[in-house]
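Colleague: Give me a model of this one.
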Amino acid sequence: MPRWLLAVLCAAALVVALPFAPWAILGVWLGLFANRIYKPILRRVGDRSGLAATVTVLLLLAVVLPIAALVASLVIDAIALVQRLASSEEGRSVLEQLAGANEDSTRHELTSVKGITDLLMSQGERAFAIVKQVAGAAAHVLIGLLILVSGMFAVLVEGTEWFAWIKAHAPCLPSTVDRFAAAFVETGRGLAWGVVGAGFIQAFVATVTFLILGVPSALALGTLALMFSVIPAIGTAIVWAPVAAGLAVTGRTGAAIALVIVGVGVIGTVDNLARPYLAKRGKLQLPTYVVLVAMFGGIQLIGGWGLLLGPLAVRLAKEAIVIRSEAMASTETP
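Modeller: Predicted coordinates for the structure are as follows:
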C-alpha cells in the first residue's frame with residue numbers, strides 16, 4: 001500500500017474520532033480503573049465477561065453520575081457567583097458580596113427554572129436559537145456519555161486483545177508501545193490522585209469553613225476553591241483570602257480571623273502534606289508547574305477537556321523524548 005494512502009486514511013480516521021476523543025480517553029481510563037472491580041466479579045459469575053463488565057459499569061455509574069450531576073450544579077453556581085461579582089464596579093462592593101452583605105443580588109439566569117424561563121421570554125426572537133444551542137449541547141453530552149460507557153465496557157471485555165493488536169501493528173517496537181501505555185495509565189492515575197484528590201480535600205475543608213462561618217454561596221465558593229487548587233502554593237487562597245477580607249470589611253472581624261487561621265494553618269497544610277503524598281501515590285512523573293501550564297494551556301486551546309488532555313500530551317511527549325534520547329545513546333555507545 002502506498003504511504004500517502006496510508007497517511008490519508010489514518011488522518012481521516014483521526015479527524016472522524018477527534019470530536020469525541022476526550023470522552024473515549026476518559027472511558028479508557030475509567031475502564032482500566034474498573035479492572036480492580038471487574039476481576040473479582042468475573043470470578044464470581046463464572047468467567048462470563050459480558051455479564052461481569054455490565055455489572056461493573058452499572059456499579060461505577062451508580063456512583064459517578066450523582067457526583068457528576070452535583071458537580072455540574074455547583075459549577076453553574078460558581079459561574080453565577082463570578083459573573084455577579086464581575087458586574088460589580090467597586091472593590092469594596094465585591095468584598096461585601098462575598099461576605100454576604102448583598103446576598104439578595106440577582107442570581108444568574110441559568111441557576112433556576114424560573115431564571116431560564118425569564119431569559120427565554122425576554123430574548124424574544126432569540127429564544128428559539130437559545131433552545132437549539134442548549135439541545136445541541138445536551139445531545140453532544142449524551143453521545144459523549146454513550147461513548148464513555150461503551151469504552152469502559154469494551155476495555156473490560158476486549159482491552160487485552162486491543163492492546164495486543166496495537167503492539168503487533170504499531171510502527172514502533174513493542175517495548176516502546178509498552179512505555180507509552182504505561183505513561184498513558186500513569187497520567188490518568190496521577191491526575192486523579194495528585195491533582196483532583198488533593199484539590200477535593202482542600203475544597204472540602206474550605207466549604208465546611210464557609211458553612212460554619214455563615215458565608216453565603218459556600219458551595220459555589222468551595223467549587224471555585226477546587227478549580228484554583230491546581231495552582232501551587234496560593235491556589236485556594238485566591239478564594240478564601242477575598243472572603244476573609246469581605247468579612248473584615250463588613251464588621252465580622254472574628255470570622256475573618258478564623259478564616260485566615262483555617263486558610264493558612266489547615267488548608268495550606270493540607271496542600272503541603274496531602275498533595276506530595278497523593279502525587280507520589282499517583283506517580284505522575286511531571287513537575288507540578290509543568291502540570292499547571294499543561295492544564296491551562298489545554299483549556300486555552302480546547303476548553304475544559306484541556307484539564308485532562310493537556311497533561312496527557314505533555315507526559316507522552318516527555319516519554320517520546322526519553323525514548324529517543326535512549327535510542328541515540330545506545331547507537332553512540334561503541
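Colleague: Export only the CA atoms of the helix or strand harbouring residue 221, formatted as PDB.
Modeller: Taking DSSP states H and E as the definition, residue 221 sits inside helix 218-228. Output in PDB follows, covering the C-alpha atoms of helix 218-228 (Å, rounded to 0.1, in the frame of the first residue of the first chain):
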ATOM      1  CA  ALA A 218     -20.500  28.400  50.400                       C
ATOM      2  CA  LEU A 219     -20.800  25.500  48.000                       C
ATOM      3  CA  ALA A 220     -20.100  27.700  45.000                       C
ATOM      4  CA  LEU A 221     -17.000  29.200  46.700                       C
ATOM      5  CA  GLY A 222     -15.900  25.700  47.600                       C
ATOM      6  CA  THR A 223     -16.200  24.700  43.900                       C
ATOM      7  CA  LEU A 224     -14.000  27.700  43.000                       C
ATOM      8  CA  ALA A 225     -11.500  26.600  45.600                       C
ATOM      9  CA  LEU A 226     -11.400  23.200  43.900                       C
ATOM     10  CA  MET A 227     -10.800  24.900  40.500                       C
ATOM     11  CA  PHE A 228      -8.000  27.100  41.800                       C
END
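Colleague: Show the subsequent helix or strand relative to that helix.
Modeller: helix 237-249.
Colleague: next one: that following helix to chain centre, how far?
Modeller: 26 Å (Cα atoms, centre = their mean, to the nearest Å).
Colleague: Over to stretch 158-176?
Modeller: The answer for stretch 158-176 is 28 Å, by Cα atoms, centre = their mean.
Colleague: Which positions within that stretch qualify as buried?
Modeller: For stretch 158-176, burial by neighbour count (16 or more other Cβ atoms under 10 Å) applies to 159, 167, 176. Heads up, the C-betas are built off the backbone N, CA and C, glycines and all.
Colleague: For residue 42, list the residues it contacts.
Modeller: Residue 42 is in contact with 48, 49, 52, counting by Cβ atoms under 8 Å, 6 or more residues apart in numbering.
Colleague: Residue 288: which of those residues is nearest?
Modeller: Minimum distance to residue 288 across the contacts of residue 42 is 37.8 Å, recorded for residue 52 (Cβ to Cβ).
Colleague: What number of residues are in the vicinity of the closest one?
Modeller: For residue 52, the neighbour count with other Cβ atoms under 10 Å is 22.
Colleague: Tell me the pLDDT of it.
Modeller: For residue 52, the model assigns a pLDDT of 89.
Colleague: Please tell me I have it right and it contacts residue 46.
Modeller: No. The criterion here is Cβ atoms under 8 Å, and residue 52 misses it with residue 46 at 9.2 Å.
Colleague: hang on, the earlier thing: select from the buried residues of stretch 158-176 every entry located in strands.
Modeller: Among the buried residues of stretch 158-176, DSSP state E puts none in strands.
Colleague: Closest to residue 189 out of the contacts of residue 42?
Modeller: residue 52 (22.4 Å).
Colleague: residues in contact with the closest one?
Modeller: So, once contact is read as Cβ under 8 Å, 6+ apart, residue 52 ends up touching 38, 41, 42, 44, 45, 156.
Colleague: how distant is the longest helix belonging to the chain from the center of its chain?
Modeller: Ranked by residue count under DSSP state H, the longest helix found in the chain is helix 127-169. Relative to the centre of its chain, helix 127-169 is centred 16 Å away, using Cα atoms, centre = their mean.
Colleague: likewise stretch 189-208?
Modeller: Worked out by Cα atoms, centre = their mean, stretch 189-208 lies 11 Å from the chain centre.
Colleague: ok so, going back, need the buried residues of stretch 158-176 in CSV with pLDDT and distance to residue 242, can you?
Modeller: Output for these, formatted as CSV (pLDDT from 0 to 100; distance: Cβ to Cβ, whole Å):
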residue, pLDDT, distance to residue 242
159, 89, 46
167, 89, 52
176, 91, 49
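Colleague: May I see those residues arranged in TSV, with distance to residue 203 as well?
Modeller: Formatted as TSV, the buried residues of stretch 158-176 follow (distance: Cβ to Cβ, whole Å):
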residue	distance to residue 203
159	33
167	40
176	39
